[in-house]
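Undergrad: sequence and predicted structure are below.
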Amino acid sequence: MPAVSSIQERPATSSSLEVYLLGMVDLDAALGLQERLVFDTSGRCDTQGTLLLCEHPPVISIGREGSRSQVLADPHELDASEIDVRWMARGGGAIVHAAGQLAVYPILPLDRLGCGLADFRRRLEESLIGACREMQVPVKRSDNAPGLWCRGGQLACFGAAIKNWTTYHGAYLNVSTDPGFLKMVDSSPPGERLTSLESQLQRPVPMHRVREAVMRHVAANFGYELTHVYTGHPLLQRTIRKVCLHA
């Protein structure tokens, strides 16, 4: 069980995984925090890593392998719901973000962890697989296509970036995302529908249980024996805006 502490009580150690539970965070605010943490982490000489866990208000992001054609929602529908389409410097294609989707952002020094790019994706996806299995949903990954799939469709998307051998962006696991939002983008490979843990189980899935499982599996898969968990982050610049709750 991860150790829980406040940011004032326990200093970080050189080999720990610092986990921050951010709650609902605007995509731009989360990216700004990641960029600051990438700068700090790449300038260190130890293996300390950071894991950000959060949800985003409705927005569609498109990575380097994506295209506008993957956005299935009509432009008028997006405008009416005030849902932006953003191009991001990450891998992967189009991803729709909304409440009920867990964004998993590891900021890790791959060179000092002795971890390559393909190994990073495998370890992160295996971490989400472990969490899904704890929720009683069997899932699988593929070396040929990033993400996770279950019997009902694609359950998680992978879209990471690397700067100075430090990771940011990461993966997105649909826990209880409104199905209306999931229909706004095409999955990868095309034609498969997007789904969520809640849709597969046909019962509520507590987000806090999924978060706790994800942080444990990430720590184990990347070799962190010491984990500190915090609520919020002092460098996070939160924003306030009106959001659409249902697609």
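TA: Arrived safely, thanks for sending. Numbering: from 1, shown residues only.
Undergrad: pretty sure L110 contacts G116?
TA: Yes: contact criterion C-beta atoms under 8 Å: L110 and G116 qualify, at 7.1 Å. C-beta here means a position set from N, CA and C on the backbone, and glycine is covered the same way.
Undergrad: more crowded one of the two?
TA: Neighbours per residue (other C-beta atoms under 10 Å) separate L110 from G116, with L110 holding more: 19 against 11.
Undergrad: from L173, how far off is the residue nearest to the more buried one when sequence neighbours are not counted?
TA: Nearest non-adjacent residue to L110, counting by C-beta to C-beta, 6 or more residues apart in numbering: W165, 5.0 Å away. For W165, the distance to L173 equals 25 Å [C-beta to C-beta, to the nearest Å].
Undergrad: how about L51?
TA: 13 Å.
Undergrad: settle it for me: which of W165 and L173 has more neighbours?
TA: L173 (25 against 15).
Undergrad: ok, then the element right after the helix or strand harbouring that one?
TA: Counting by DSSP states H and E, the element that carries L173 is strand 166-174. Sequence-wise, the next helix or strand downstream of strand 166-174 (DSSP H and E) is helix 179-182.
Undergrad: so which residues make contact with that next one?
TA: P58, V96, A98, N174, R193, L194, T195, S196, S199, H246, A247 (C-beta atoms under 8 Å, 6 or more residues apart in numbering).
Undergrad: how about 10 Å then?
TA: Under the criterion C-beta atoms under 10 Å, 6 or more residues apart in numbering, residues 58-60, 73, 81, 83, 96-101, 153-154, 174, 193-196, 198-199, 244-247 lie in contact with helix 179-182.
Undergrad: which sections of the protein are below the confidence cut-off?
TA: 1-13, 188-191, 240-247 (pLDDT under 70).
Undergrad: do you know how far H56 is from I83?
TA: Counting by C-beta to C-beta, the gap from H56 to I83 is 11 Å.
Undergrad: again with T227
TA: To I83, T227 is 35 Å away according to C-beta to C-beta.
Undergrad: ditto for A131
TA: For A131, the distance to I83 (C-beta to C-beta) stands at 27 Å.
Undergrad: need the buried ones from the contacts of helix 179-182 selected in ChimeraX.
TA: Only the buried entries of the contacts of helix 179-182 go into this ChimeraX selection, using 16 or more other C-beta atoms under 10 Å:
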select :58,59,60,73,81,83,96,97,98,99,100,101,153,154,174,194,195,196,198,199,244,247
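Undergrad: export the lengthiest strand in the chain as PDB, just CAs?
TA: Determined from DSSP state E, the single longest strand within the chain is strand 153-163. In PDB, the C-alpha atoms belonging to strand 153-163 read as follows (Å, rounded to 0.1, in the frame of the first residue of the first chain):
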ATOM      1  CA  GLY A 153     -13.700  -2.600 -27.800                       C
ATOM      2  CA  GLN A 154     -10.800  -0.200 -27.100                       C
ATOM      3  CA  LEU A 155     -10.500   0.600 -23.400                       C
ATOM      4  CA  ALA A 156      -7.400   2.700 -23.200                       C
ATOM      5  CA  CYS A 157      -5.300   4.900 -25.500                       C
ATOM      6  CA  PHE A 158      -1.600   5.500 -25.400                       C
ATOM      7  CA  GLY A 159       0.000   8.800 -26.500                       C
ATOM      8  CA  ALA A 160       3.300   9.700 -24.900                       C
ATOM      9  CA  ALA A 161       6.200  12.100 -25.700                       C
ATOM     10  CA  ILE A 162       9.900  12.200 -24.800                       C
ATOM     11  CA  LYS A 163      12.100  15.200 -24.100                       C
END
